[in-house]
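Participant: give me a 3D structure for the following:
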Amino acid sequence: MAPRPRRGAATGARDGSRQRRLPLRFLLPALVLVALMAMLMLRGYVHSEILADHRVRPPAASDRVPENVLKGGPVIDARSGRATTLSMPDHRLVLTFDDGPDPVWTPKVLDVLKEHDAHAVFFVTGTMASRYPDLVQRMVDEGHEIGLHTFNHPDLSYQSKQRIDWELSQNQLAISGAAGIRTSLFRPPYSSFSAAMDNESWPVTEYIGSRGYITVVNNTDSEDWRKPGVDEIIRRATPKGGKGAIVLMHDSGGDRHQTVQALDRFLPDLKAQGYAFQNLTEALDAPSAHTRVTGLDLWKGKAWIFLVQASENITDGLVVGLAIIGSLVIGRFVLMLLLSGWHARRVRRRGFRWGPPVTEPVSVLVPAYNEAKCIENTVRSLMASEHPIEVLVIDDGSSDGTARIVEAMGLPNVRVVRQLNAGKPAALNRGLANARYDIVVMMDGDTVFEPATVRELVQPFGDPRVGAVAGNAKVGNRDTLIGAWQHIEYVMGFNLDRRMYDVLRCMPTIPGAVGAFRRSALERIGGMSDDTLAEDTDVTMALHRDGWKVVYAENARAWTEAPETVQQLWSQRYRWSYGTMQAIWKHRRALVERGPSGRFGRVGLPLVSLFMVLAPLLAPLIDVFLLYGLVFGPTGKTIAAWLGVLAIQAFCAAYAFRLDHERMTHLISLPLQQILYRQLMYVVLLQSWITALTGGRLRWQKLRRTGVVEAPGGPVPTRQGIRNDDRKPVG
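Facilitator: The predicted structure is shown next:
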């Protein structure tokens, strides 16, 4: 049976399975992003945020408008090339409603019309018809006629013929998808009486006629959009002397409660005077303006409605997601600020002690795989320790002479344990089996300790309830931009988080770079497990479930070498995020258990899931809506909102840096970190989700080290002696 692939042995990016998975890293996140932006663009188009033209032309001269049109009726037929007009017969009223359908007011208007057995014509915009297709279908089902009112409601006198055709075809597409019909009726936006036709609007009317449409204006305007009162609406809508008329009203565009109330009085009153309320073709005794749509045109319309509805639903979901992530971000910041401050005050007050001082020797385990460039600095830093220690370097099948380097140093209390490559958890368990002391400190082979680190790290074990202690991991190579960004992340995110989780008694992770364990606690849970790729998170959760306290020692500082290239950072964070998901899933039964396990399951697991998995997954919504707002508006409010979020983050970062006594100058790169670095973390987490959902298995990724992190007090290494290929991750 072939051995299970382990850290170091599984870095073969050239094997077939690796090559097959590589495209998913870029393809699926890119497809998700493109689909998301496409849905937002479609929503912006349908909501008249994109390609909309809100200009309205002032009145112009009318000397080129035919006299019979200026003095004619409200129905203008220019389909034959010669304009004719029609008026309504006496005692026939055609109620027309513009700008709908509206989800609130159109149903109320339809209810009143149905109650009084009246028909009307609804001139719908494509944007509203696309968003509320069920209302268009109801209009047709109840005997009303539909007319076009363009898609985006622009003043057509400003538009080219191509744009006019686009407005008409998109308007028809929406109606076809909503009700399966086409219509020959059209009303221009911002139109009025025939007598108001001028030299700018008349050419549009002629062109509309050439496209097969009848233009319908009005000769009685209720001016309900002004909301002048019910009585005034009725007065203006009532024709004089029993004449017929086309009445202009609105079922959208604002509060239409006066329109609805006026209709409820207007219809019975005028019916009592002998008026009939009919749609346009009924009033003119003409064939219906509707024709059924079949075949490809019908399916194109239905596809359009489906996409618009999908964009609406997705966008609504994104807005909910944005509200959730906003609440999570603000909630996390508030919790971090309050609880980390409380933690700092508690552990820094005069006379604070975890318990009796811990002075007995401890074992320091250093699992190492191909750490030749770093291991000497690591071991020498331990030799400067102020606390009595023994050091066990567990060489996990290194091929670069790591073990020989340590042995050649000839240092007292330093032992080398060799094993075939089996992975970090196995190396740590091997170290536990060879350790002499009851308290075990674990660190990475690329990390250096300060002289006081071990002493500070083990003091919490004076409390017999403490099973593990997390130290303060810091980025040692912060002189690059990526290193500076990770430095901010370590100080602001990881260490503020650990203070918060310490107070809440649900710290999820003892960092592999600097952590200490009570040996008996590890033995009770079976030692380090290789069930997940985040063995440090896995073991920490297991300790919580077993009833042990896990605390944070802020003064136990360790300096680690952070990834220095995007590919190295990607590999590390991909493993971290995927391993965290594995650990959460592994310990999911804690949600329903009792005792300490249940407490962690109902407090710790939800917090970890919200703050470490869900929040980072939803966080891209902030940037997606930022980009959308910058391009399509409102730009000023969008920028203000983003700067507000950045200010909150900067405040939290500054507070974290003050707690850790760090220089504030590193925060200069915070805005750029939010723009660039955070996006990389999004894609990494998304890829982790894809790997988890598709059942993929992620292998260990060994990062190539450069040895730039020196022991405290030692010479600072220069970069001149580091070859370019040392910066590249192992293939």
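
Participant: my read is Leu392 is in a strand, agree?
Facilitator: Yes - under DSSP: H, G, I helix; E, B strand; the rest coil, Leu392 sits within a strand.

Participant: not including adjacent chain positions, what is the nearest residue to it?
Facilitator: Nearest residue to Leu392 in three dimensions, chain neighbours excluded: Gly431, at 4.9 Å (Cβ to Cβ, 6 or more residues apart in numbering). C-beta here means a position set from N, CA and C on the backbone, and glycine is covered the same way.

Participant: give me the contacts around the helix or strand hosting the one you found.
Facilitator: Assigned by DSSP states H and E, Gly431 belongs to helix 424-434. Residues from elsewhere that reach helix 424-434, judged by Cβ atoms under 8 Å, 6 or more residues apart in numbering: 6-7, 363, 365, 367-369, 392, 394, 396, 415, 417, 419, 440, 442, 512, 519, 522, 527-530, 535, 700.

Participant: residues near the residue nearest to Leu392, how many?
Facilitator: Close neighbours of Gly431, defined as other Cβ atoms under 10 Å, add up to 23.

Participant: just to revisit the earlier point, can you tell me which of the contacts of helix 424-434 are in helices?
Facilitator: Arg519, Leu522, Glu535 (DSSP state H).

Participant: distance of the nearest residue to the last one once chain neighbours are set aside from Pro563?
Facilitator: Among residues not flanking Glu535 along the chain, Pro425 sits closest, at 4.6 Å (Cβ to Cβ, 6+ apart). When distance is defined by Cβ to Cβ, to the nearest Å, Pro425 is 21 Å away from Pro563.

Participant: packing partners of the strand or helix carrying Leu168?
Facilitator: In this structure, Leu168 is located in helix 161-179 according to DSSP H and E. Counting contacts by 3 or more Cβ pairs under 8 Å, 6 or more residues apart in numbering; DSSP states H and E, helix 161-179 is packed against strand 120-124, helix 126-131, helix 133-141, strand 145-148, strand 181-183, helix 202-210, helix 295-348.

Participant: how far off centre is it?
Facilitator: In terms of Cα atoms, centre = their mean, to the nearest Å, the centre of helix 161-179 is set 33 Å apart from its chain centre.

Participant: report the contact partners of the most centrally placed residue in the chain.
Facilitator: For the chain, the residue sitting closest to the mean C-alpha position, by Cα atoms, centre = their mean, is Leu621 at 2.5 Å. Neighbour list for Leu621: Leu318, Gly321, Leu322, Ile325 [criterion: Cβ under 8 Å, 6+ apart].

Participant: Gln172 now?
Facilitator: By Cβ under 8 Å, 6+ apart, the neighbours of Gln172 are Leu148, Arg182, Thr183.

Participant: quick check: bridge partners of the last one?
Facilitator: In this structure, Thr183 has beta-bridge partners His290, where bridges are defined by DSSP bridges.

Participant: any idea how far the closest residue to Leu659 other than its chain neighbours lies from Glu554?
Facilitator: Sequence neighbours aside, Ala344 is the residue nearest to Leu659 in space, at 5.5 Å (criterion: Cβ to Cβ, 6+ apart). Ala344 is 7 Å from Glu554, where distance means Cβ to Cβ.

Participant: where is the longest strand in the protein?
Facilitator: strand 549-560 (DSSP state E).

Participant: buried ones in that one?
Facilitator: By neighbour count with 16 or more other Cβ atoms under 10 Å, strand 549-560 contains the buried residues Lys549, Val550, Val551, Tyr552, Ala553, Glu554, Ala556, Arg557, Ala558, Trp559, Thr560.

Participant: the fourth one touches Met500, doesn't it?
Facilitator: No - using Cβ atoms under 8 Å, Tyr552 is not in contact with Met500; the gap is 9.3 Å.

Participant: let me know the outermost residue of this protein.
Facilitator: Most peripheral residue of the chain (Cα atoms, centre = their mean): Gly241, 61.9 Å.

Participant: what's the per-residue pLDDT of that residue here?
Facilitator: Looking at Gly241, its pLDDT is 88.

Participant: looking at this, it is in a helix?
Facilitator: No - under the criterion used here (three-state DSSP), Gly241 is coil, not part of a helix.

Participant: distance check, it against Met88.
Facilitator: Gly241 sits 13 Å away from Met88, taking Cβ to Cβ as the criterion.

Participant: can you check Asp536 too?
Facilitator: Counting by Cβ to Cβ - Asp536 and Met88 are separated by 81 Å.

Participant: neighbour count winner among the two?
Facilitator: Between Asp536 and Met88, Asp536 has the larger neighbour count (other Cβ under 10 Å), namely 26 against 23.

Participant: next, count neighbours for the residue nearest to that one when sequence neighbours are not counted.
Facilitator: Of all residues not flanking Asp536 in the chain, Gly512 sits nearest, at 4.7 Å (Cβ to Cβ, 6+ apart). By the measure other Cβ under 10 Å, the count of residues near Gly512 is 20.

Participant: go on, Pro287?
Facilitator: Count around Pro287 with other Cβ under 10 Å applied: 9.

Participant: can I assume it is in contact with Ile214?
Facilitator: No - assessed by Cβ under 8 Å, Pro287 is found out of contact with Ile214, at 11.7 Å.

Participant: low-confidence bits of this protein, can you list those?
Facilitator: Scanning the chain for pLDDT under 70 picks out the ranges 1-26, 28-29, 633, 689-731.

Participant: alpha carbons only: can I get stretch 583-602 in CSV?
Facilitator: Extracted in CSV, the C-alpha atoms of stretch 583-602 (Å, rounded to 0.1, in the frame of the first residue of the first chain):
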residue,chain,number,x,y,z
ALA,A,583,-11.3,21.4,12.1
ILE,A,584,-14.7,23.1,12.4
TRP,A,585,-16.3,20.2,10.6
LYS,A,586,-14.4,17.6,12.7
HIS,A,587,-15.5,19.2,16.0
ARG,A,588,-19.1,19.9,14.8
ARG,A,589,-20.6,17.5,17.4
ALA,A,590,-19.6,19.9,20.1
LEU,A,591,-22.7,21.9,19.1
VAL,A,592,-25.0,19.4,20.7
GLU,A,593,-22.8,18.0,23.5
ARG,A,594,-22.9,19.0,27.1
GLY,A,595,-20.3,20.3,29.5
PRO,A,596,-17.1,22.1,28.3
SER,A,597,-17.4,20.6,24.9
GLY,A,598,-20.9,22.0,24.5
ARG,A,599,-19.9,25.4,25.8
PHE,A,600,-17.1,25.6,23.2
GLY,A,601,-19.5,24.2,20.5
ARG,A,602,-22.2,26.8,21.2
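
Participant: buried sites along that stretch?
Facilitator: Buried-residue list, stretch 583-602, by 16+ other Cβ under 10 Å: Ala583, Ile584, Lys586, His587, Ala590, Pro596, Ser597, Arg599, Phe600, Gly601.
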